[in-house]
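Asker: prediction below, plus the sequence it came from.
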Amino acid sequence: MVEAPPRRRGWPWCLATALLGCGSPTPADLTLAEVQALVGEAAPASPRVEPTPARARIGVVLAGRSVDLRVRFEAQVLELPFVVGQEVREGDIVARLDPRRAAEELEMSRADLEAARARRAELAVSLEDAEREATEATLLQSDGVVSRSTAADAQAERKKLESALRGAVAQLGRAKIRSTQLRRQLEERSLAAPFAGVVVQRYVDPGATVDSRVPVLRLLDRSTTRVRFGVEPTETGRWQAGRFVRVRSADGGRQWRATVTAVMPEVDPTTGEVIVDAEIEMPDDTTLAHGTAVYVDGEHAKDER
């Protein structure tokens, strides 16, 4: 059996061995702290970790709200004036769209609409003639002038035209709806920010074709900040909407008041806890990065302003 080579010692150990020589104690009897003391090297201090306050929950700071902006109809993106991280105001145009495709389709839909109207008018006239002929055939058949089969054929033709006219009316209705949609699409030449915030993601680049299934960009509202944390299912009665809680930074140096806004109705299967959301009352000159871990304490929060 081949023995493993001896482990290499660091320089504090080697220097301690030289100082001690053959005397007692030997380096093997010394602790690392004693060896470091011999060579004048202090033992490394453990980093100070702020303990979790009693009864406090660990929460995560989230944005108050965010939205993926989408177009209602298919369109080509011409311009995206804002980049990721840039602030926007409510009503700012965040995307400009190309209406040319909608204009071309609108022209075609107008032609389809006129054709549907003409078809309906044609069938309406034909049905009037068929109804008159069917009525006459029924009278003549009763007088024995024409056969029963001739009268039946006239009635069948009338019913056939009635069905065709109903189809033409439905087609005309669809053509009207399509024309209205395209007119609205032609008017939708841009996307506006529904609230003031910051662009956090752009899903497409200028030149891309999008529709209602593909978001253009995501907007984050920084005017409100919330914290999400978990509580034991047996404690949900103490965390009702409207309750005030205290939010503290991880180092304990800062704290804010928050109001519980929502308590989820079910237990999270991963953590076994009930998720609670609270809106933090942030001063105008203070920001708290989203994703930051904080402590949430409801024991000493005052439920009054």
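Answerer: That came through fine.
Asker: the closest residue to residue 124 other than its chain neighbours and residue 193: what is the separation?
Answerer: Nearest residue to residue 124, sequence neighbours excluded (Cβ to Cβ, 6 or more residues apart in numbering): residue 165, at 6.1 Å. C-beta coordinates here come from the backbone N, C-alpha and C atoms, glycine included. Per Cβ to Cβ, to the nearest Å, residue 165 is found 49 Å from residue 193.
Asker: for residue 290, same thing?
Answerer: From residue 290 across to residue 193, the span is 19 Å (Cβ to Cβ).
Asker: the two - which one has more neighbours?
Answerer: Between residue 290 and residue 193, counting by other Cβ atoms under 10 Å, residue 193 is the more crowded of the two (21 against 16).
Asker: ok, that one touching residue 89?
Answerer: Yes - between residue 193 and residue 89 there is a contact under Cβ atoms under 8 Å: 6.8 Å.
Asker: how is this structure carved up into domains?
Answerer: 66-97+190-217, 101-187, 223-297 (automatic domain parsing).
Asker: so for the first one, what's the average pLDDT?
Answerer: Mean pLDDT, computed over domain 66-97+190-217, is 90.
Asker: so how far is it from its chain's centroid?
Answerer: From the chain centre to the centre of domain 66-97+190-217 is a distance of 14 Å (Cα atoms, centre = their mean, to the nearest Å).
Asker: quick check: beta-bridge partners of residue 258?
Answerer: residue 245, residue 280 (DSSP bridges).
Asker: which residues does it contact?
Answerer: Neighbouring residues of residue 258 by Cβ atoms under 8 Å, 6 or more residues apart in numbering: 226, 227, 244, 245, 246, 247, 278, 279, 280, 281, 296.
Asker: the closest residue in space to residue 100 that isn't next to it in sequence: what's it in contact with?
Answerer: Once flanking residues are discounted, residue 100 sits nearest to residue 76: 8.0 Å by Cβ to Cβ, 6+ apart. Contact partners of residue 76, counting by Cβ under 8 Å, 6+ apart, are 97, 98, 100, 101, 207, 208, 209, 210.
Asker: and for the third one, the neighbour number?
Answerer: Other residues near residue 100 number 12, with proximity taken as other Cβ under 10 Å.
Asker: one more: the fifth one?
Answerer: Here the neighbour count serves as a burial measure; for residue 207 (other Cβ under 10 Å) it reads 10.
Asker: are we agreed that it is in a strand?
Answerer: No - judged by DSSP: H, G, I helix; E, B strand; the rest coil, residue 207 forms no part of a strand; its state is coil.
Asker: ok, it - contacts?
Answerer: By Cβ under 8 Å, 6+ apart, the contact set of residue 207 is 76, 77.
Asker: the closest residue to residue 199 other than its chain neighbours: which element?
Answerer: Spatial nearest neighbour of residue 199, chain neighbours left out: residue 82 (4.9 Å); criterion: Cβ to Cβ, 6+ apart. If you go by DSSP states H and E, residue 82 is not part of any helix or strand.
Asker: for residue 253, same thing?
Answerer: Using DSSP H and E, no helix or strand contains residue 253.
Asker: against residue 280, how distant is it?
Answerer: 16 Å.
Asker: more neighbours: these two, which one.
Answerer: In this view residue 253 and residue 280 are compared by other Cβ under 10 Å, and residue 280 has more residues nearby, 22 against 8.
Asker: would you confirm that that one contacts residue 63?
Answerer: No - Residue 280 is not in contact with residue 63 according to Cβ under 8 Å; the separation is 11.2 Å.
Asker: anything in contact with each of the two?
Answerer: Common contact partners of residue 280 and residue 63 (Cβ under 8 Å, 6+ apart): 225, 226.
Asker: and the closest residue to residue 91 other than its chain neighbours, what is it in contact with?
Answerer: Closest residue to residue 91 apart from its sequence neighbours, by Cβ to Cβ, 6+ apart: residue 192 at 5.5 Å. By Cβ under 8 Å, 6+ apart, the contact set of residue 192 is 91, 92, 93, 94.
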